[in-house]
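J.: Any chance you can model this:
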Amino acid sequence: MRTRLERSSLLLTALAAGVVSAACGDAIAGEREEVPQATEMTVTLSHTITSERHGTGDEFDAVVRHDVIDGTGQILIPANSPVQGHITELSEDPPRLGLSFDRLAAWAEEHDLNAELVSVTPREHSEMVDEGAKIGGGAAAGALLGAVIGGGAKEAVIGAAAGAAAGTGGALATKDRHVYLPAGSVLRIRLIDPIEVIIPEAGSDRDAESDES
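T.: Numbers count the residues shown, from 1 in each chain. The predicted model follows:
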């Protein structure tokens, strides 16, 4: 899990163009647009979260998976925009994981983010299969996590799903009761508050971010 210094470095990289412009006294030129309340987007978790190494208050990183567009096809938030948040709850018995989404960097600007977790889709790889085997094998063991079970809109909690339904979960607890949400898991989030973005004019940072997508 990243320290605050490492997190700041990541955002500074994403915002470098905007920081340089601000230092020179130039405002970011472009069109002001609003990303409406209730807009949904999917983000990919950049680092594995596990109760073996992490705790409440630790920060996590993710990136936007796909461009967020409006009804005209205008890109409001480019794919690969960094998202950052922190763990609000981490319990092994019962296995629970609470996440809060705090910041979004898009179009060379940082924005406060107030969003709720809608769903979790795990990254399927051999490590998850191996962990499942440790506790008796298969989704029926009830080890996978992924049901969003409450905790308030912004601070959503992922809890244990029962029986075969756990097969759609987004994390797992090993036989040692470690909660585990692997890097690459997909989190769908929904905006509670709108975000105002300034979309750069064509030929500026807009083209650079689109190329990265």
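
J.: how about low-confidence regions in this structure?
T.: For the chain, the stretches with pLDDT under 70 are 1-29, 124-157, 160-177, 203-213.

J.: Can you mark which positions in stretch 33-49 are buried?
T.: 33, 35, 39, 41, 42, 43, 44, 45, 46, 47, 48, 49 (16 or more other Cβ atoms under 10 Å). C-beta coordinates here come from the backbone N, C-alpha and C atoms, glycine included.

J.: Distance to residue 159 and secondary structure added to those residues, as JSON lines?
T.: Listed next are those as JSON lines, based on distance: Cβ to Cβ, whole Å; DSSP: H, G, I helix; E, B strand; the rest coil:
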{"residue": "33", "distance to residue 159": "36", "secondary structure": "strand"}
{"residue": "35", "distance to residue 159": "29", "secondary structure": "strand"}
{"residue": "39", "distance to residue 159": "25", "secondary structure": "coil"}
{"residue": "41", "distance to residue 159": "23", "secondary structure": "strand"}
{"residue": "42", "distance to residue 159": "21", "secondary structure": "strand"}
{"residue": "43", "distance to residue 159": "20", "secondary structure": "strand"}
{"residue": "44", "distance to residue 159": "22", "secondary structure": "strand"}
{"residue": "45", "distance to residue 159": "17", "secondary structure": "strand"}
{"residue": "46", "distance to residue 159": "23", "secondary structure": "coil"}
{"residue": "47", "distance to residue 159": "21", "secondary structure": "coil"}
{"residue": "48", "distance to residue 159": "19", "secondary structure": "coil"}
{"residue": "49", "distance to residue 159": "15", "secondary structure": "strand"}
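
J.: Quick check: of the residues you listed, which lies closest to residue 182?
T.: residue 48 (5.1 Å; Cβ to Cβ).

J.: rewinding a little: I'd like to know which of the buried residues of stretch 33-49 is nearest to residue 201.
T.: Out of those, the member with the shortest distance to residue 201 (by Cβ to Cβ) is residue 33, at 12.8 Å.

J.: if we can go back for a sec, check the buried residues of stretch 33-49 against residue 199 and report the nearest one.
T.: So of these, ranked by how close each gets to residue 199 (Cβ to Cβ), first place is residue 33, at 5.7 Å.

J.: Tell me the spacing between the closest one and residue 194.
T.: 10 Å (Cβ to Cβ, to the nearest Å).

J.: next one: residue 117
T.: Per Cβ to Cβ, residue 117 is found 18 Å from residue 194.

J.: who's more crowded, these two?
T.: residue 117 (24 against 13; other Cβ atoms under 10 Å).

J.: Check the secondary structure at that one for me.
T.: At residue 117 the chain is in strand, as set by DSSP: H, G, I helix; E, B strand; the rest coil.

J.: Surely it is in contact with residue 98?
T.: No. The pair residue 117 and residue 98 does not pass the contact test of Cβ atoms under 8 Å, sitting 9.1 Å apart.

J.: Backbone dihedrals for residue 75, please?
T.: Main-chain dihedrals, residue 75, degrees, to the nearest 10: phi -80, psi 120.
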